[in-house]
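> pasted the sequence and its predicted model underneath.
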There are 2 protein chains.
Amino acid sequence: MGRSTERDGLRNQLETFALTSFSPIWKFIQGVPFLEQQVNRFLINSAVYKARVRPHPFSLLGLESTTSAYSSWESLTDRTYTARHLPPAEPAYTASLPDIEKVVDVFRRPSNNERLSLKSTLLFSYFAQWFTDGFLRTDRRDFRKNTSNHEIDLSPLYGLNKTITEALREKVRGRLRSQLIEGEEFPPFYFDENGQVRPEFVNVPLFYEDNLPAERKRKLFAMGTERANVQIGYVMLNTLFLREHNRICSILRESHPDWDDERLFQTARNTVIVMIIRIAVEEYVNHIAPYHFKFRAQPQSFYDQRWYRNNWMTIEFNLLYRWHGLVTDEVLIANEMVAAEETFFNNQLLIDRSIGPLFGDASLQASGDVGLFNTPNILIETERASIRLSRLARLRSYNEYREYCNYPKVTDFNQISGDSEIEAALRALYGGDVDRVELYVGLFAEDVRPSSALPPLIGRMVGIDAFSQALTNPLLSEHVFNEFTFSAEGWKTIKDTNSLSDIVHRNLGNDNGQYFVSMTQKAWANT
Amino acid sequence: MGRSTERDGLRNQLETFALTSFSPIWKFIQGVPFLEQQVNRFLINSAVYKARVRPHPFSLLGLESTTSAYSSWESLTDRTYTARHLPPAEPAYTASLPDIEKVVDVFRRPSNNERLSLKSTLLFSYFAQWFTDGFLRTDRRDFRKNTSNHEIDLSPLYGLNKTITEALREKVRGRLRSQLIEGEEFPPFYFDENGQVRPEFVNVPLFYEDNLPAERKRKLFAMGTERANVQIGYVMLNTLFLREHNRICSILRESHPDWDDERLFQTARNTVIVMIIRIAVEEYVNHIAPYHFKFRAQPQSFYDQRWYRNNWMTIEFNLLYRWHGLVTDEVLIANEMVAAEETFFNNQLLIDRSIGPLFGDASLQASGDVGLFNTPNILIETERASIRLSRLARLRSYNEYREYCNYPKVTDFNQISGDSEIEAALRALYGGDVDRVELYVGLFAEDVRPSSALPPLIGRMVGIDAFSQALTNPLLSEHVFNEFTFSAEGWKTIKDTNSLSDIVHRNLGNDNGQYFVSMTQKAWANT
């Protein structure tokens, strides 16, 4: 019978219809630079203005207050507290919510019954985790706070602060420290032969599980963020961009023999950061969106926008980005399926397979689907923590966020999902009252739209925060985004790079292979 | 013979002419709200767009580099380093500059020959020092750095960080700690009867000179910034705003008996900060500008401007604001002239005279004039440090900054000043080469314009940084600047307050006096 579209909103329906139809017209627009730029500007602005612009009046500060939320100088300036789009819910609402374990149950993937994405590959999943770990960073000591720099600064590669960055630098020729293993470049090992932290890395944070086998521990890499070794996909992307950074340094050094280590490092870093923003917009966001028009990273279009404001990550952005369903139970590596757990803290897998083939593997395999009843067992504890966090933050209901983002409130469960199992589960959880559905559950209960990689409200909310925080990067600003900042060589590299595939194929070392590197499944790409 | 206006620039001359003539037309515009708003928007935009908008590509970071300046991730994000408008000068230029002592000599005020302002009162001088000490804050341990929050946040009153703020709060009824002395409200004393720091203030910084007499030391107040006791004008303004904060708390408490201390405090603070921004624009900046049109603090007009960017104080703003000439050798207090030194760290003077009469005194006396040959002896050491700082920062020449701010470069010394003594002194200092004149000297060598309080390049550069950093305050932002943030009472207070005189007269306690409170001299105001 399917989902009822009654409360999708006419404007939203028309918008989606226009953007997903008329393929030849969109192709034409995209072929005329001036038109493309105007349309790009218009569409990105419409995406961002779906919600209120920053600065947000509220942060997670003051949750303990008994009176309603209000703005204080701290809530407006202290970015160690996470921002929020909507003020906290009434305590009565949060208190009325179902038992957390019951909510966890609607996320749980039934064993041997994983639901796969029709569109995305595992590379999409890897990229999402690696990319967002750089700026969506809950402070584990205080849920109200974060350890984020609030910028896309590639902290997984460069570290969250100067102390870490300095430790990761070779301090000659602008390079990041690295090692060659059988002629291939990888990040350096964190521990020495005796299992001691190498002295140069004592200030580099590293998280790993206590029971990690010694042979895996020995192979942990020193990288920018504490969880950088967590999964093979994360390490693979970090390794790629480490190589790209060092590759750019060589090019710069050739053209600028007088530049010292510092200038080489900073110029390469500037270049790599902007490159990744370009890929985030032009490959990653375009993979997510179901539209014919392909967004372009053209920051100049937005300098006069009311949304062009200092970044500040929100709790909603942090939570809606927990796409645990993407994680498959098994991972394809060298023609074999290995259990997902085998890819955790296991850098030897990457060393053995090496970069090119592993990007190829990740691009061949379908990722899981984002949504309820698809969180793998290994992430159930994380799911529980996410639901708990959304309660601690006193997030308002799914319907209130729909309204905030210019969707009509739903009036029936079958307007959220057409899947009868999901509909029934929601109805049971919230006692038949659709207004009680909490944001975190509603976000993932929605059906993934045809052609899209994500459910609609997540898609919309990602767009709001992603565009408005990526395009405001200081490196893209009016008097910085120019050839001088990146050097002629860096500027050209930025202009010439618009896919991960480009970057992979120029960093394969002695491997001359050609790999299919894509966030979108091959079959899909061919349709 | 007077100054040659040959290199003032036609556009600049026309602009000044238009703005300082046609008084009836300006008066008409100011009478029609819609017109006033459009013209205000236009004029403030023209003032700010005279220079490059933020983010600045460069900060004081990397001064030691042997290659030319370049943007790094740190120079774009680490606001503990002070920003700069123009990149550093060639080392050869800085090395060619005259001996610092010779430069100090052209600032020195001849004894018994102080030059007085025709327009400004001492209240203007007091306000400038107090106001700017909140955000122009060189880090004394590293000249490249600052201890600024980069916002007008009234840190002299509320402290530079939360630890200080908490110590200064009474923690009941939203109030700041205060004491009553003969029925009048003042900040609390920092030391107890035994000369020990009161335990509640151990984390509140306090600077005073080692040789300060014990009876003055006993009367030092605990306030937000380390130098808050430095001069009677600073303490007087802090005391006034302490009273205003506590007064607003009482009003709020009456209308909102359910609000806790925290909400009362934060709402009063929000209100006081915006009130001071309004006074800074509508009383202080309008005093400085020689124009008929009076600027209004209407933040809504600027949300779509390319200059609406995250604040970041620049070294040029910091240096050009050193208006030492304003400081007179003697200060009028209760019909007597006392030596300026007598007003340093001497709170008893304020307690004896009390707020109303002291504001009256400060408004009766002419301030000194900003410019060369007018720095009082007591500030010569500070002047020397300023010149040294401008050299350490490798500031570019006066002429390069003229060009940057849309003034033609001067080609002869008599285009800077019409005062033959100044002209001769400059010529001698810079060996007859007008391109060698350094910024810090050139700024103060220019003649104060008729009707203005400041020389032209300082005026222009103040406008650029002042407007673009005051109107971007988070409390003035699109979804925060509303009645909810300030409460109905706070909002009304903001709307109803546009002068220091208003604030003084509602905080006189038992004193029913009426005082002339003005940054502009009475005689001038009547012309």
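Thanks, I have it. Keep in mind it's a predicted model, so treat the numbers as computed, not measured. Residues are numbered from 1 along each chain as shown, chains lettered A, B, ... in the order given.
> distance from stretch A:105-120 to the middle of the chain?
In terms of CA atoms, centre = their mean, to the nearest Å, the centre of stretch A:105-120 is found 20 Å from the chain centre.
> what do you get for stretch A:107-124?
With CA atoms, centre = their mean, you get 17 Å for stretch A:107-124.
> quick check: end-to-end length of that stretch?
By CA to CA, to the nearest Å, the extent of stretch A:107-124 from end to end equals 21 Å.
> now do the buried residues in it.
Across stretch A:107-124, burial judged by 16 or more other CB atoms under 10 Å in any protein chain shown covers A:107-109, A:114-117, A:119-124. For glycine as for every other residue, the C-beta is placed from the backbone atoms N, C-alpha and C.
> what does the stretch 201-350 of chain A put close to chain B?
Within the stretch 201-350 of chain A, the positions lying close to chain B (CB under 8 Å from any CB of the partner chain) are A:258-260, A:262-263, A:266-267, A:269-270, A:273, A:303-306, A:308-310.
> just checking, which of these belong to helices?
A:262-263, A:266-267, A:269-270, A:273 (DSSP state H).
> so which of the buried residues of stretch A:107-124 belong to helices?
When DSSP H defines the helices, the subset of these inside them is A:107, A:122-124.
> average pLDDT across stretch A:246-256?
Per-residue pLDDT over stretch A:246-256 has a mean of 98.
> find the closest residue to chain B in the stretch 151-300 of chain A.
residue A:266 (3.7 Å; CB to the nearest CB).
> residue A:505 contacts residue A:516, doesn't it?
No - contact criterion CB atoms under 8 Å: residue A:505 and residue A:516 do not qualify, at 11.0 Å.
> end to end, how far does stretch A:506-516 reach?
Stretch A:506-516: ends 14 Å apart by CA to CA.
> and for stretch A:345-357?
End-to-end span of stretch A:345-357 (CA to CA): 19 Å.
> next one: stretch A:185-192
Terminal residues of stretch A:185-192 lie 18 Å apart, using CA to CA.
> any buried residues in that stretch, and which?
A:185-191.
> between those residues, which is nearest residue B:37?
residue A:187 (56.7 Å; CB to CB).
> sorry, back to before: and the ones in helices among the residues of the stretch 201-350 of chain A next to chain B, which are buried?
Among these, those scoring as buried are A:262-263, A:266-267, A:269-270, A:273 (criterion: 16+ other CB under 10 Å).
> and which of those residues is nearest to residue A:369?
Proximity of those to residue A:369, judged by CB to CB, is greatest for residue A:273, which lies at 31.3 Å.
> and that closest one, what is it in contact with?
By CB atoms under 8 Å, 6 or more residues apart in numbering or on different chains, the contact set of residue A:273 is A:152-154, A:473, A:475, B:73.
> ok, which pair from the buried residues of stretch A:185-192 is furthest apart?
Taking CB to CB, no two of the buried residues of stretch A:185-192 sit farther apart than A:185 and A:191, at 19.2 Å.
> is it true that the residue of the stretch 151-300 of chain A closest to chain B touches residue B:72?
Yes - counting by CB under 8 Å, residue A:266 does reach residue B:72; the two are 3.7 Å apart.
> what's next to stretch A:443-452, contact-wise?
Residues outside stretch A:443-452 that contact it (CB under 8 Å, 6+ apart): A:3, A:16, A:20, A:106-107, A:117, A:119, A:288-290, A:319-320, A:325, A:369-372, A:398, A:416-419, A:422, A:426, A:437, A:454-459, A:461.
> what distance separates the start and the end of that stretch?
Criterion CA to CA; first-to-last residue distance in stretch A:443-452 is 15 Å.
> output the contacts of residue A:273 in JSON lines, with neighbour count, distance to residue B:252 and secondary structure appended to each entry.
Formatted as JSON lines, the contacts of residue A:273 follow (neighbours: other CB atoms under 10 Å in any protein chain shown; distance: CB to CB, whole Å; DSSP: H, G, I helix; E, B strand; the rest coil):
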{"residue": "A:152", "neighbour count": "24", "distance to residue B:252": "41", "secondary structure": "coil"}
{"residue": "A:153", "neighbour count": "25", "distance to residue B:252": "41", "secondary structure": "coil"}
{"residue": "A:154", "neighbour count": "24", "distance to residue B:252": "46", "secondary structure": "coil"}
{"residue": "A:473", "neighbour count": "22", "distance to residue B:252": "40", "secondary structure": "coil"}
{"residue": "A:475", "neighbour count": "24", "distance to residue B:252": "44", "secondary structure": "helix"}
{"residue": "B:73", "neighbour count": "21", "distance to residue B:252": "43", "secondary structure": "helix"}
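> out of these, who's nearest residue A:359?
residue A:154 (18.1 Å).
> need the contact list for the closest one.
A:134, A:224, A:241, A:269, A:272-273, A:276.
> restricted to buried residues, select those residues in PyMOL.
To isolate the buried ones among the contacts of residue A:154 in PyMOL, judged by 16+ other CB under 10 Å, type:
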select buried, chain A and resi 134+224+241+269+272+273+276
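> need the contacts of residue A:154 in a markdown table (columns: pLDDT).
As requested, those are exported to a markdown table (pLDDT from 0 to 100):
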| residue | pLDDT |
| --- | --- |
| A:134 | 97 |
| A:224 | 98 |
| A:241 | 98 |
| A:269 | 98 |
| A:272 | 98 |
| A:273 | 98 |
| A:276 | 98 |
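> and the closest residue to residue A:305 other than its chain neighbours, which of the three is it?
Nearest-residue entry for residue A:305: residue A:45, 6.4 Å, with adjacent residues in sequence omitted and distances by CB to CB, 6 or more residues apart in numbering or on different chains. The three-state label given to residue A:45 by DSSP: H, G, I helix; E, B strand; the rest coil is helix.
> picking up where we left off before, so which of the buried residues of stretch A:185-192 are in helices?
Per DSSP H, the buried residues of stretch A:185-192 never map to helices.
> so which of those are in strands?
In strands, judged by DSSP state E, the following of these are found: A:185-186.
> where does chain A have low pLDDT?
For chain A, applying pLDDT under 70 flags the ranges A:1, A:65-67, A:525-527.
> for chain B, what are the nearby residues on the stretch 51-200 of chain A?
Residues of the stretch 51-200 of chain A that fall close to chain B, judged by CB under 8 Å from any CB: A:52-57, A:62, A:65-67, A:70-74, A:76-78, A:149, A:151, A:153, A:158, A:162.
> of the contacts of stretch A:443-452, buried ones?
Applying 16+ other CB under 10 Å to the contacts of stretch A:443-452 flags A:3, A:16, A:20, A:106-107, A:117, A:119, A:288-290, A:319-320, A:325, A:369-372, A:398, A:416-417, A:419, A:422, A:426, A:437, A:454-459, A:461 as buried.
> before we move on, back to that, make TSV out of the contacts of residue A:154 and add distance to residue B:360.
Shown next, in TSV, are the contacts of residue A:154 (distance: CB to CB, whole Å):
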residue	distance to residue B:360
A:134	58
A:224	60
A:241	66
A:269	58
A:272	62
A:273	57
A:276	62
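> pretty sure residue A:343 contacts residue A:330?
No - counting by CB under 8 Å, residue A:343 does not reach residue A:330; the two are 9.4 Å apart.
> what is the subsequent helix or strand relative to the helix or strand containing residue A:367?
Assigning secondary structure by DSSP states H and E places residue A:367 in strand A:366-368. Next along the chain after strand A:366-368, taking DSSP H and E as the criterion, comes helix A:380-392.
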